[in-house]
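Trainee: build the 3D model from these lines:
(one chain, ligands or ions: 1)
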Amino acid sequence: MLPDGDLGLIQGLSDLEILDILTAPTPPPKGRLQRRDADLDPLLLAAAASSGPHVTRNHYAHDFFPAVGDPVAVGAYDWTNWKPEDSSARQERRPRLKYVSRQGPRSQKSKKDIEQEKENGRVRDSSDPLHCTENLLPAARRNSVSSSQSSDAPQPSPVVPTIAVSARSQTETLPELTVKCMARTRVPTPHGPVFLHLYHNNRDQKEHLAIVVDPAQLQDDLPSFAPPIRSRSLDAVWSENETEMERITRGAYTGRLSASSQIPSKPLDSQPSITPDSIPSPLIRIHSECFTGETIGSMRCDCGEQLDEAIRQISLPIAIPSSDLSPPTTIPGRGAVIYLRQEGRGIGLLSKIRAYNLQDLGHDTVTANLMLGHKADERGYEIAGAILRDLGLGTKVGEGVRILTNNPDKMYALEKEGIRIVERVPMIPRSWRCRQNDHGHDEAGILVPEESDRMTVKGATMIGGGAVYGEDLDKYLRTKVLRMGHMLPLLAEDAL
Ligand SMILES: Nc1nc2c(ncn2[C@@H]2O[C@H](COP(=O)(O)OP(=O)(O)OP(=O)(O)O)[C@@H](O)[C@H]2O)c(=O)[nH]1
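Mentor: Model (predicted):
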């Protein structure tokens with residue numbers, strides 16, 4: 001806004017002439033038009049306002065500056081007297097802004113990482129970012145990295161865990177990992193009822209989940225063929241004066257909760273549960289959070305489909321072979337999905353979104369992570385191991401588990417955590433099953449969707465959805481096989 005007294009002065013002047021007055025090296029006399037040192041460079045503004053050839057701040061030292069030679073406006077600076085300023089003085093007055101990259105060169109970053117690792121007493125080979133040891137970095141470090149990165153992560157209240165469940169020797173710097181199931185509830189899904197368990201732990205501030213499939217627990221009249229899959233920490237006594245209502249509210253009950261049925265559970269003895277030999281070991285999946293794939297149905301990855309497929313397969317009734325005494329029968333499916341909050345293979349949603357843009361430029365999912373200064377995979381499975389033990393799954397003397405995965409690193413990591421894996425069950429993408437087998441059921445006896453369902457795209461990756469197919473997804477799946485060693489049958493055409 002100009003002072004009133006100056007209005008008369010500028011009337012009739014062109015915009016460029018006004019800018020000329022305001023930006024001249026010698027300010028107008030005091031009390032008249034005030035020179036304004038705007039945030040935006042006024043010379044640059046003048047250049048942008050000129051309608052002639054492209055003018056930059058450098059052109060002001062040349063003779064085609066638009067005001068030179070024109071009649072000098074009243075109060076305007078006479079540009080014919082203008083002399084270039086001493087460049088060193090100019091630099092002193094207005095230091096040049098420099099763009100400082102926040103992303104250090106990868107070579108430097110790796111060195112820093114190695115130093116940190118050495119400080120922590122762990123040295124790893126950083127020359128090959130896809131090497132297994134990279135993928136199996138100590139979870140504590142990874143978790144602290146990813147929790148600091150994902151600012152959107154929920155911040156639960158501090159936990160005072162009651163049950164120590166880690167079987168792994170810890171370094172001196174880290175306290176023993178403990179997890180505690182804070183609450184459990186029944187959730188009906190398109191595949192049948194599940195029990196959702198919410199866990200806290202003393203390593204990160206994230207709320208990891210266990211989706212337990214064991215509908216037999218809901219039916220009091222069903223003979224129990226296998227031990228119920230229950231959380232030791234949830235069923236434990238939390239305080240001397242806890243009430244039955246408190247236990248029931250957090251999910252420590254047995255049977256089906258209703259207005260007329262409220263049976264608090266008893267603390268489980270520490271003995272691991274044993275499944276009879278005739279019943280297959282529970283089927284489990286360790287699943288990593290993927291907002292895009294699971295919530296908005298992104299077809300860049302198969303995460304939503306995998307979560308759905310895992311719950312579906314775990315919920316399938318289990319056939320029990322006949323014996324001399326009994327006819328063949330089926331029992332409800334048993335198992336669990338351990339849902340870890342390690343979005344984007346541990347790099348967080350923000351970095352994953354950036355990685356997607358790099359993928360759109362033509363880079364694959366692995367290279368995109370590396371370009372952002374991350375590892376190909378920054379996930380850890382220590383907490384998953386602790387949750388499995390809390391549920392009595394995969395313990396050395398108790399039930400072994402069958403694991404749904406194609407990811408060899410995941411298997412090694414869980415075995416390192418002491419989880420007893422008795423079988424790997426492949427996770428074949430639905431679209432791949434469709435094209436490999438047109439006969440209704442695939443080799444594993446899994447129903448292949450009808451032709452009409454195959455290319456369903458709407459909600460296809462949501463729970464209860466169908467097969468999903470797309471160019472981005474195919475590229476992603478190929479990369480998992482070719483660069484991350486995933487154990488999937490690749491067709492010859494895919495390898496191209
Ligand atoms: N950084 C990054 N993460 C991704 C991308 N696509 C999916 N993810 C994440 O990858 C994780 C799922 O990993 P997958 O490799 O699909 O599956 P996996 O769990 O390792 O292996 P499987 O057990 O065989 O399914 C989730 O955390 C997703 O958010 C991507 O393009 N970039």
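
Trainee: contacts, neighbours, all on C-alpha from now
Mentor: OK.

Trainee: find the nearest non-adjacent residue to Leu407, please.
Mentor: No Leu there; residue 407 is Asn. His486 (4.9 Å; C-alpha to C-alpha, 6 or more residues apart in numbering).

Trainee: quick one: average confidence on stretch 383-397?
Mentor: Stretch 383-397 carries an average pLDDT of 91.

Trainee: residues near Asp277, how many?
Mentor: Neighbourhood size, Asp277 [other C-alpha atoms under 10 Å]: 7.

Trainee: quick check, pLDDT for it.
Mentor: For Asp277, the predicted pLDDT is 73.

Trainee: that older thread, how is the residue nearest to Asn407 assigned, secondary-structure-wise?
Mentor: coil (DSSP: H, G, I helix; E, B strand; the rest coil).

Trainee: show me the contacts for it.
Mentor: Listed by C-alpha atoms under 8 Å, 6 or more residues apart in numbering, the contact set of His486 reads 406-408, 480.

Trainee: any chance you could map the strands in the stretch 201-350 of the chain?
Mentor: For the stretch 201-350 of the chain, the strands defined by DSSP state E, counting those that start in this stretch occupy 208-213, 253-258, 261-264, 283-288, 318-320, 329-331, 335-340.

Trainee: the ligand is nearest to which of these?
Mentor: strand 283-288 (4.2 Å; C-alpha to the nearest ligand atom).

Trainee: does the ligand have contacts with the closest one?
Mentor: Yes - Strand 283-288 reaches the ligand (C-alpha under 6 Å from any ligand atom) through 287-288.

Trainee: quick check: which element contains Arg354?
Mentor: Taking DSSP states H and E as the criterion, Arg354 maps to helix 349-360.

Trainee: extract the C-alpha trace of that helix and format it as CSV.
Mentor: Taking Å, rounded to 0.1, in the frame of the first residue of the first chain, the C-alpha atoms of helix 349-360 are listed here in CSV:
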residue,chain,number,x,y,z
LEU,A,349,4.3,-44.5,4.0
LEU,A,350,5.9,-41.2,3.1
SER,A,351,9.0,-42.8,1.6
LYS,A,352,6.9,-45.4,-0.1
ILE,A,353,4.9,-42.7,-1.8
ARG,A,354,8.1,-41.1,-3.0
ALA,A,355,9.4,-44.5,-4.1
TYR,A,356,6.2,-44.9,-6.3
ASN,A,357,7.0,-41.7,-8.1
LEU,A,358,10.5,-43.1,-8.8
GLN,A,359,8.9,-46.3,-10.0
ASP,A,360,6.7,-44.2,-12.4
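
Trainee: now do the contacts for the residue nearest to Pro282 when sequence neighbours are not counted.
Mentor: Sequence neighbours aside, Gly335 is the residue nearest to Pro282 in space, at 4.5 Å (criterion: C-alpha to C-alpha, 6+ apart). Each residue near Gly335 by C-alpha under 8 Å, 6+ apart is listed here: 212-214, 229, 282-284, 314-315.

Trainee: what's the closest of those to Ala355?
Mentor: Ile284 (29.2 Å; C-alpha to C-alpha).

Trainee: the closest one: neighbour count?
Mentor: Neighbourhood size, Ile284 [other C-alpha under 10 Å]: 29.

Trainee: which ones are touching it?
Mentor: Counting by C-alpha under 8 Å, 6+ apart, Ile284 makes contact with 310, 314, 335-338, 401-404.

Trainee: top of these by neighbour count?
Mentor: Among these, Ala336 has the most neighbours (other C-alpha under 10 Å), with 29 neighbours.

Trainee: contact partners for the residue nearest to that residue when sequence neighbours are not counted?
Mentor: Distance criterion C-alpha to C-alpha, 6+ apart; nearest residue to Ala336, sequence neighbours excluded, is Val212 at 4.3 Å. Shown in contact with Val212 (C-alpha under 8 Å, 6+ apart): 194-197, 229, 334-337.

Trainee: how near is Val212 to Asp15?
Mentor: 72 Å (C-alpha to C-alpha, to the nearest Å).

Trainee: which parts of the stretch 301-450 of the chain sit against the ligand?
Mentor: So far as C-alpha under 6 Å from any ligand atom goes, the stretch 301-450 of the chain lies against the ligand at 301, 303, 342-345, 352, 365, 369, 405-407.

Trainee: about what we covered before: export the contacts of Val212 to TSV and tack on distance to Pro321?
Mentor: TSV is the format used below for those (distance: C-alpha to C-alpha, whole Å):
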residue	distance to Pro321
Val194	25
Phe195	27
Leu196	30
His197	32
Ile229	22
Arg334	17
Gly335	19
Ala336	23
Val337	26
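
Trainee: what is the most widely separated pair among those residues?
Mentor: His197 and Arg334 (15.1 Å).

Trainee: where does Leu13 land on pLDDT?
Mentor: Leu13 carries a pLDDT value of 75.

Trainee: next, count neighbours for it.
Mentor: Counted by other C-alpha under 10 Å, the residues lying close to Leu13 total 12.

Trainee: kindly report the same for Leu350.
Mentor: Neighbour count for Leu350, taken as other C-alpha under 10 Å: 14.

Trainee: turn the strands of the stretch 201-350 of the chain into CSV, columns for mean pLDDT.
Mentor: Shown next, in CSV, are the strands of the stretch 201-350 of the chain (pLDDT from 0 to 100):
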stretch, mean pLDDT
strand 208-213, 98
strand 253-258, 92
strand 261-264, 91
strand 283-288, 98
strand 318-320, 84
strand 329-331, 84
strand 335-340, 98
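
Trainee: need these in TSV with distance to Val179, can you?
Mentor: Formatted as TSV, the strands of the stretch 201-350 of the chain follow (distance: least, C-alpha to C-alpha, whole Å):
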stretch	distance to Val179
strand 208-213	10
strand 253-258	20
strand 261-264	21
strand 283-288	16
strand 318-320	30
strand 329-331	30
strand 335-340	13
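
Trainee: of those, which approaches Glu242 most closely?
Mentor: Of all the strands of the stretch 201-350 of the chain, strand 261-264 sits nearest to Glu242, with 11.5 Å by C-alpha to C-alpha.
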